[in-house]
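Visitor: predicted model and sequence follow; I will ask about them next.
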Amino acid sequence: MARDDDNDPQDPAEEQALAAAAMAAAPSAAAREPVGPEQTAKGPARFGRFLKASWAELQRVQWPDRRQVGQATAVVLGFVVVAGAYLGLADQVAERFVDIIL
């Protein structure tokens, strides 16, 4: 069986590249501003900052495309069908077992 080393998650070079990308994407502690008394204000200004920060975070999200959503939905529905069949069968077996006992 052939092995594809390009997609091997254990590859040290790939792990280093992923770690470097993660570090570059994360904001450093020095880049963050300290929270001062003016940033802990209450009221409409605080709510406005919350909405602005929420919108900025939503812009960073990698939203799935239509194909990915369809695949995930199919997986969930498939699991629901399998779990429902299993639980239905287990219920029938348990019902017959209880009827035998009673």
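Guide: Thanks, I have it. Numbers count the residues shown, from 1 in each chain.
Visitor: quick one: low-confidence parts of this structure?
Guide: Low-confidence segments of the chain, defined by pLDDT under 70: 1-15, 17-41.
Visitor: and residue 63, how many residues sit next to it?
Guide: Using other Cβ atoms under 10 Å, residue 63 has 7 other residues around it. Yep, even glycine has a C-beta here, placed from its N, CA and C like the rest.
Visitor: quick one: residue 82 from residue 88, how far?
Guide: Distance of residue 82 to residue 88, given as Cβ to Cβ, to the nearest Å: 11 Å.
Visitor: whoops, I mixed them up, residue 50
Guide: Counting by Cβ to Cβ - residue 50 and residue 88 are separated by 46 Å.
Visitor: same deal with residue 65?
Guide: Residue 65 is 35 Å from residue 88, by Cβ to Cβ.
Visitor: kindly report the same for residue 63.
Guide: From residue 63 to residue 88 the distance is 36 Å (Cβ to Cβ).
Visitor: then residue 72?
Guide: For residue 72 relative to residue 88 (Cβ to Cβ), the value is 24 Å.
Visitor: what does residue 48 give?
Guide: 52 Å.
Visitor: also residue 100?
Guide: 19 Å.
Visitor: these two - which one has more neighbours?
Guide: For the pair residue 100 and residue 88, the greater number of neighbours falls to residue 88 (10 against 7), based on other Cβ under 10 Å.
Visitor: and what about the more buried one, helix, strand or coil?
Guide: Following DSSP: H, G, I helix; E, B strand; the rest coil, we place residue 88 in the helix state.
Visitor: now for residue 51: which residues touch it?
Guide: Contact analysis of residue 51 by Cβ atoms under 8 Å, 6 or more residues apart in numbering lists nothing.
Visitor: that one sits in which helix or strand?
Guide: Using DSSP states H and E, residue 51 falls within helix 44-60.
Visitor: which parts of that helix are buried?
Guide: By neighbour count with 16 or more other Cβ atoms under 10 Å, helix 44-60 contains no buried residues.
Visitor: residues making contact with stretch 87-99?
Guide: So stretch 87-99 is in contact with no residue, going by Cβ under 8 Å, 6+ apart.
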